[in-house]
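Trainee: Mind folding the following:
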Amino acid sequence: MNPYLPMTSALVALIMGLLVMDQFFAYRKPYQLVWGLSLLVYFVGAGCEFLAGKYGVSLGLFRTWYLFGVFYGGVYLGVGMLYLLMPRRIVHVILGVVLAVSAFAAYMVFSAKLDIHAIHALSGSFMPSNVRNLTPAFNGFGVLALVGGGLYSLWVYIRRRTMGRRALSNAVIAVASILPAIGGIAMESGASPDVFYALELLAIIVFSVGFLISREVFVSYRVPFIHGWRRAR
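Mentor: Numbers count the residues shown, from 1 in each chain. I've put the predicted structure just below:
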């Protein structure tokens, strides 16, 4: 595998995560916080892939990758989309449930019995089935929320001809959410891991474009974490 593909994904996710977190500190919108943290989660997952490809797989690295890259990778992006489109009090409850289930997932991942001598790559096949069986719920929720939010935004725009920028942004983010799933299916079908890592990189680039064109997420463009800003137009 080419470890520099996930390294690039990690760097893009880190930069975008810091930029979105800066927007949160300036404007205090919950979707900015959730999406900013989601991008930092993406950074951790892709960073584990780089380290595994460059230096080999350790038990701690494998567990961290599975938790951040497999479980948490998309679910919080989905929660961020819900914060943008649904009443805040409802999404607060959804977030609480997701956090509770995420804590349970962390317990399952770090308590799972693993044989480090059998693990030679970052693959879910090395994780016990009782842990693997939890992942479709996490990934399915994330993709459903992102794709559903994108379709809903487009429907609102077509019906009312308003908030076209939000509709475009959410549609781009929805497309990005599908790309890692396509890569995962390709890898399970025998394709090179580089196919997955290339689609993962494309996904974070497309995610970034979606965030950058959103007036809700990027209310302003500025050097992060300093005073003073220029409002987006």
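
Trainee: pLDDT below threshold where in this structure?
Mentor: Flagging of the chain using pLDDT under 70 yields the residue ranges 187-188, 190, 227-233.

Trainee: got the contact list for Leu33?
Mentor: Going by C-beta atoms under 8 Å, 6 or more residues apart in numbering, Leu33 touches 21, 24. All C-beta spots, glycine's among them, are computed from the backbone N, C-alpha and C.

Trainee: Could you list the buried residues of the helix or strand harbouring it?
Mentor: Assigned by DSSP states H and E, Leu33 belongs to helix 30-55. Neighbour counts over helix 30-55 (16 or more other C-beta atoms under 10 Å) mark 30-53 as buried.

Trainee: Report how many residues lie close to Arg215.
Mentor: By other C-beta atoms under 10 Å, the residues close to Arg215 number 14.

Trainee: Check the offset of the helix holding Leu33 from the chain's centre.
Mentor: Relative to its chain's centre, helix 30-55 lies at 7 Å (C-alpha atoms, centre = their mean, to the nearest Å).

Trainee: Ok, stretch 203-213 next?
Mentor: For stretch 203-213 - counting by C-alpha atoms, centre = their mean - the centre lies 11 Å from the chain centre.

Trainee: try stretch 71-88
Mentor: On C-alpha atoms, centre = their mean, the centre of stretch 71-88 falls 10 Å from that of its chain.

Trainee: Identify all contacting residues around it.
Mentor: The contact list for stretch 71-88 (C-beta under 8 Å, 6+ apart) reads 29-31, 34-35, 37-38, 41-42, 45, 91, 94-95, 98, 102, 105, 109, 134-135, 138-139, 141-146, 149-150, 152-153, 166, 170, 173, 177, 180, 207, 216.

Trainee: In helices, which of these fall?
Mentor: Among the contacts of stretch 71-88, the residues falling in helices (DSSP state H) are 30-31, 34-35, 37-38, 41-42, 45, 91, 94-95, 98, 102, 105, 109, 135, 138-139, 141-146, 149-150, 152-153, 166, 170, 173, 177, 180, 207.

Trainee: Does the nearest residue to Ala186 once chain neighbours are set aside lie in a helix or a strand, and which?
Mentor: Nearest residue to Ala186 in three dimensions, chain neighbours excluded: Val195, at 4.9 Å (C-beta to C-beta, 6 or more residues apart in numbering). Following DSSP H and E, one finds Val195 within helix 193-212.

Trainee: I'd like to know which of the ones in helices among the contacts of stretch 71-88 are buried.
Mentor: 30-31, 34-35, 37-38, 41-42, 45, 91, 94-95, 98, 102, 105, 109, 135, 138-139, 141-143, 145-146, 149-150, 152-153, 166, 170, 173, 177, 180, 207.

Trainee: where's Met7 relative to Tyr27, distance?
Mentor: 31 Å (C-beta to C-beta, to the nearest Å).
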